[in-house]
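take a look and give me a structure for this.
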Amino acid sequence: MSHVFRRTVLTFAAAASVASTGLAHSQTATPQAPAAATAASAGTVAELQQLLAQKRLTELRTTYNGDYGTSLLLVNEDTTAYVALSYRKELWRVYKFASVAPAEGAYDTLARQTRAWAEDDLRRAITAGQKAQLEREAQAAEQRAASLSQEVRIMQAQRQKMLEEQQTVRQQTQALDVERRAYKAQVDSLQQQIRLLEKQLNDPNWTPAP
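Predicted coordinates for the structure are as follows:
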């Protein structure tokens, strides 16, 4: 695991010389922007950075909660242990212990503390994910609604065209029916005339008028 840590924007009120007791009082503290680093704190951070650069440390464990990290490191050549807090992988605060046992307690306390700090970040990430999902769903629904609206407009236009064509067909049918009745009347009249003429031609007593 990388030994590069990132600086945080939080403060933690425990001193490096006070292990679990001092750290426990800070568990409910709200993280805030850090004040100017004290000489002791800056010295401990610089000391750890130098040891990291010299590769004289063994990283025993690291816990990440959101953007916050807690690491337990042991000096290779003696029993000195360090607990380091990081924010977005940047080193922030370092606590130095003469042995691993008190460092373990401090590490556990700080890991729990970073978990509490990360709750807002985790909720924000979850909310952002939900928002992004709903945004995609809204866009998809909007596109679907627009597509359906277009289909409805096309259907309405087709229906209107169909009604107009049906009306035209009805009018044409009515006109044709009028013409049909006229032709039928004409045919009936001609057939009646034909029957009369045939009767006259077939009547031996019929004589054309002079």
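
in terms of contact, does residue 99 touch residue 78 like I think?
No. Here residue 99 lies out of contact with residue 78, judged by C-beta atoms under 8 Å, at a distance of 9.5 Å. For every residue, glycine as well, the C-beta is placed using N, CA and C.

for this protein, which segments are assigned as helices?
Assigned helices in the chain, in chain order: 20-24, 39-53, 100-202 (criterion: DSSP state H).

bridged to the nearest residue to residue 69 once chain neighbours are set aside, which residues?
Nearest non-adjacent residue to residue 69, counting by C-beta to C-beta, 6 or more residues apart in numbering: residue 86, 4.1 Å away. With beta bridges defined as DSSP bridges, residue 86 has these partners: residue 69, residue 91.

where does residue 86 land on pLDDT?
With respect to pLDDT, residue 86 scores 94.

same question for residue 196.
According to the prediction, residue 196 has pLDDT 83.

next, count neighbours for it.
By other C-beta atoms under 10 Å, the residues close to residue 196 number 10.

gap between the residue positioned nearest the centre of the chain and residue 126?
The chain has residue 133 as the residue nearest its centroid, 1.9 Å off, counting by C-alpha atoms, centre = their mean. Residue 133 is 11 Å from residue 126, where distance means C-beta to C-beta, to the nearest Å.

poorly predicted segments of this protein, please.
Confidence mapping of the chain against pLDDT under 70 gives the ranges 1-42, 206-210.

ok, now with 50
Low-confidence segments of the chain, defined by pLDDT under 50, are located at 1-40.

could you dump stretch 87-105 to CSV, C-alpha only?
C-alpha atoms of stretch 87-105 as CSV (Å, rounded to 0.1, in the frame of the first residue of the first chain):
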residue,chain,number,x,y,z
TYR,A,87,-7.9,13.2,4.2
ARG,A,88,-8.1,12.2,0.6
LYS,A,89,-4.8,10.4,0.9
GLU,A,90,-3.0,13.5,2.1
LEU,A,91,-1.3,13.3,5.5
TRP,A,92,-2.9,15.5,8.2
ARG,A,93,-2.2,14.6,11.8
VAL,A,94,0.3,12.1,13.3
TYR,A,95,0.4,10.6,16.8
LYS,A,96,3.6,9.0,18.1
PHE,A,97,3.6,6.1,20.6
ALA,A,98,6.5,4.3,22.4
SER,A,99,4.9,0.9,21.6
VAL,A,100,2.2,-0.8,19.5
ALA,A,101,-0.3,-1.4,22.3
PRO,A,102,-1.4,2.2,22.9
ALA,A,103,-1.1,2.9,19.2
GLU,A,104,-3.6,0.1,18.6
GLY,A,105,-6.1,1.7,20.9
